[in-house]
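*Asks:* Okay, here's the prediction I keep looking at, along with the sequence it came from:
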Amino acid sequence: MDEPVISDMPAITLFGVSFWGDPYDIGPEWTEGNAIGRLWKRFFAMQASLPEEALPRDAESFEVHVMAPHDADRGYREVFVGRRVVPGYVYPVEFSVKAIPASSCARVTLRGREITDGWEWLYGTWLPNSGYRDRNWMAEVFDARFKGLAPGEIESSVIEVIMPVVPK
């Protein structure tokens with residue numbers, strides 16, 4: 001696995017949908033049957049109703065996890081999935097808008113099985129030894145390199161992880 005690179009990320013604004021709770025209480029990680037998989041399905045269905053001018057030209061989609069310290073022991077978090085807003089477009093009220101602040105971030109590329117298995121290394125090994133501490137959110141960035149969750153697809157996929165950090 002590549003070492004994360006620390007860089008400044010500009011602020012971005014996303015439109016999408018969110019979920020609050022334990023996303024894995026109804027299904028394991030990286031499956032379409034858990035709350036996150038269902039959230040993506042809901043977002044894609046809603047996005048399909050938007051006109052072309054509402055959709056950004058880039059292929060990036062974001063999955064943002066916001067962890068509230070008071071709910072960490074229960075595994076609760078907000079999971080927001082979406083895409084960048086198109087400036088000037090007013091999205092229907094069914095969508096939420098999430099403003100992601102400019103941040104210093106650790107960015108890492110996960111490939112194949114690292115997508116499902118690399119989190120322990122990132123949070124359990126790299127972060128404690130990095131000289132940084134994380135903030136209360138992180139984002140996964142999906143583009144055309146992510147092939148899906150079906151057998152064989154994850155092995156040929158790539159995602160980017162953005163973890164905002166501050167010096168310890």
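*Replies:* Yep, that arrived.
*Asks:* Could I get the full set of helices for the chain?
*Replies:* For the chain, the helices defined by DSSP state H cover 35-47, 114-117, 119-120.
*Asks:* Just the mean pLDDT for the shortest one, thanks.
*Replies:* Spelled out, that is helix 119-120. The average pLDDT for helix 119-120 rounds to 92.
*Asks:* how about stretch 120-138: buried residues?
*Replies:* Within stretch 120-138, the residues that qualify as buried are 122, 126-127, 130, 132, 134-135, 137-138, counting by 16 or more other Cβ atoms under 10 Å. From N, CA and C alone the C-beta is placed, and that goes for glycine too.
*Asks:* Including distance to D25, could the helices of the chain go into a markdown table?
*Replies:* Shown next, in a markdown table, are those (distance: least, Cβ to Cβ, whole Å):
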| stretch | distance to D25 |
| --- | --- |
| helix 35-47 | 7 |
| helix 114-117 | 18 |
| helix 119-120 | 18 |
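*Asks:* Point out where this protein drops to low pLDDT.
*Replies:* 27-28, 30-31, 72 (pLDDT under 70).
*Asks:* what ranges do the strands span in it?
*Replies:* Under the criterion DSSP state E, the chain contains strands at 5-9, 12-21, 61-66, 77-84, 96-100, 103-111, 132-134, 137-142, 158-167.
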